[in-house]
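> Please find the sequence and the predicted model below.
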Amino acid sequence: MTAEDAGSGLDIMSFSTDNEIWTRWEPFCNERHLGIPSGDGKKTLFFQVQDRLGNIAKIVSDSIILDTTPPTKLSIIINNGSYQTKNAYVDLKLDAIDQTSGLYQMKFSTDGTTWSYWELFNTRYSIPLPTEDGDGNKIIYFKVKDHAGNIGKPVYSTILLITDMDADDMPDSWEISNGLNPNVNDANDDFDKDGLTNIEEYDKGTDPRFWDTDDDGLSDGDEIKKYHTNPFNPDSDFDGHLDGSDAYPSDPSKWKEEREDIDLFWIWILVITIVISFLISVLFIIKLRKKRREQNILQRAVTIKPWHRFDPLLNLLRSKKPYSEKADESKVSINKKNIILSKSPLLPPRKVPTKAKTITREE
């Protein structure tokens, strides 16, 4: 407090918090500790002083805001609420409430221990994410204090940092760890030839280097797209049989050691092979027997039996002509040209009966 009196000098002073009830007069001094009414809000103090002659100066006052409540409802939003980011610099949207003295300063931390310096509060702020430990979930802590020095309880928010230099929507760290090139857009390639592209492997969480993540005999592509089974569980229906040997990998009430479609295919192949082999064998036997029959007929046709020497005589008798004593064996000949044989393999052999012809030679 300050006051001046050029005459008798300052003597005593008194205080009030409502300008009605005053403290007792006390010797004047420049400093004084004084209690004010409890409860946050604006507080006004009234002051008056009296000199040694009893003259009382005009009442003066001053106000102060009592604020014992820290800021509340602190919030921090990273990149407008995005789940992940490819950029190590992120934008923050900040908010807090302090209805008494008002928001004053703020600070940040990425580990909850080491904090930045206090700086004036603002609802917008940009901050770099820590990259020393590579990609992953990043945390940003935020706290604020008011003009009275009250500090609000810190809050935090997280975001997933995924560095993607080739813009193929697959993190560089994931590509490097799985043998892919982080500088080439290879999202639509199929590194392990399992029916899933690299980006599908990343989205599903399967192994892009091995065609069968759970080693159950089914490719990851078939499990996800064809059979709708779990590529991370070798027995998706928990029936005690691996998905690869289960004809019904998603139905625990049915199973078979081999896939039904594969079984039927090979069974039909075997049946067709047997039938074709049987038909070929039958045709070969029929042809062989036919050839042998033709050979037998031909052999019988060209073979002259011993009794055939009497055929001219018999033919002569059949003609009912008297036997000529002049006739002898030299006058009788057999026209062998009357024996006609067919050598064609398509026509059966044909034998034309021989005719006796008597030739009389005059002496």
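Here it is on my side, so go on.

> For the closest residue to Gly244 other than its chain neighbours, give its distance to Ile269.
Nearest residue to Gly244 in three dimensions, chain neighbours excluded: Gly217, at 1.8 Å (Cβ to Cβ, 6 or more residues apart in numbering). In short, each C-beta sits where N, CA and C put it, glycine included. Using Cβ to Cβ, to the nearest Å, Gly217 is found at 22 Å from Ile269.

> picking that back up, tell me the secondary structure for the residue nearest to Gly244?
Using DSSP: H, G, I helix; E, B strand; the rest coil, the structure places Gly217 in coil.

> And for it, the neighbour number?
Gly217 is flanked by 15 other residues according to other Cβ atoms under 10 Å.

> Check the gap between it and Pro234 for me.
As for Gly217, its distance to Pro234 is 8 Å (criterion: Cβ to Cβ).

> still on that earlier bit, the residue nearest to Gly244 contacts Leu242, doesn't it?
Yes - counting by Cβ atoms under 8 Å, Leu242 is a contact partner of Gly217 at 5.8 Å.

> what ranges do the helices span in the chain?
Assigned by DSSP state H, the helices in the chain fall at 172-177, 198-204, 220-221, 260-302, 311-318.

> what about the third one, average pLDDT?
With pLDDT averaged residue by residue, helix 220-221 scores 86.

> likewise stretch 112-129?
In this model, stretch 112-129 has a mean pLDDT of 95.

> quick one: terminal-to-terminal distance for that stretch?
Stretch 112-129 has an end-to-end distance of 14 Å (criterion: Cα to Cα, to the nearest Å).

> Just the buried positions in that stretch, please.
The neighbour-count check on stretch 112-129 (16 or more other Cβ atoms under 10 Å) flags 121, 125, 129 as buried.

> remind me which residues of the stretch 251-363 of the chain are low pLDDT?
Applying pLDDT under 70 to the stretch 251-363 of the chain flags residues 251-263, 300-363.

> give me that answer again for 50
The stretch 251-363 of the chain contains residues with pLDDT under 50 at 257-258, 323-352, 354-363.

> Now for Asp146: which residues touch it?
Residues near Asp146 by Cβ atoms under 8 Å, 6 or more residues apart in numbering: 67, 70-71, 98, 100-104, 152.

> which of these are buried?
The neighbour count (16+ other Cβ under 10 Å) marks 67, 70-71, 98, 100-101, 103-104, 152 as buried among the contacts of Asp146.

> can I get those residues in CSV with distance to Gly195 and pLDDT?
Output for the buried ones among the contacts of Asp146, formatted as CSV (distance: Cβ to Cβ, whole Å; pLDDT from 0 to 100):
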residue, distance to Gly195, pLDDT
Asp67, 65, 90
Pro70, 58, 95
Pro71, 55, 95
Asp98, 58, 93
Thr100, 64, 90
Ser101, 64, 91
Leu103, 56, 95
Tyr104, 60, 96
Gly152, 53, 95
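
> Next step: the residues you listed restricted to strands.
The strands, defined by DSSP state E, take in 103-104 from those.

> in this protein, which spans are strands?
Counting by DSSP E, the strands of the chain are 10-16, 26-27, 41-51, 60-66, 72-78, 84-85, 89-97, 103-109, 119-120, 124-128, 136-146, 155-161, 332-334, 356-358.

> that older thread, closest to Ile159 out of the helices of the chain?
Distance to Ile159, taken as Cβ to Cβ, is lowest for helix 172-177 among the helices of the chain, at 15.6 Å.

> and the gap between Asn111 and Met13?
Let me fix one detail, which is that residue 111 is Asp and not Asn. Separation of Asp111 from Met13 (Cβ to Cβ): 53 Å.

> quick one, which of those two is more surrounded?
Legend: neighbour count by other Cβ under 10 Å for Asp111 and Met13, higher for Met13 (19 against 9).

> For that one, give me its contacts.
Met13 makes contacts with 1, 3, 25-29, 47-50, as judged by Cβ under 8 Å, 6+ apart.

> In CSV: these, plus pLDDT.
Formatted as CSV, the contacts of Met13 follow (pLDDT from 0 to 100):
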residue, pLDDT
Met1, 81
Ala3, 87
Trp25, 92
Glu26, 91
Pro27, 92
Phe28, 90
Cys29, 90
Phe47, 93
Gln48, 93
Val49, 94
Gln50, 91
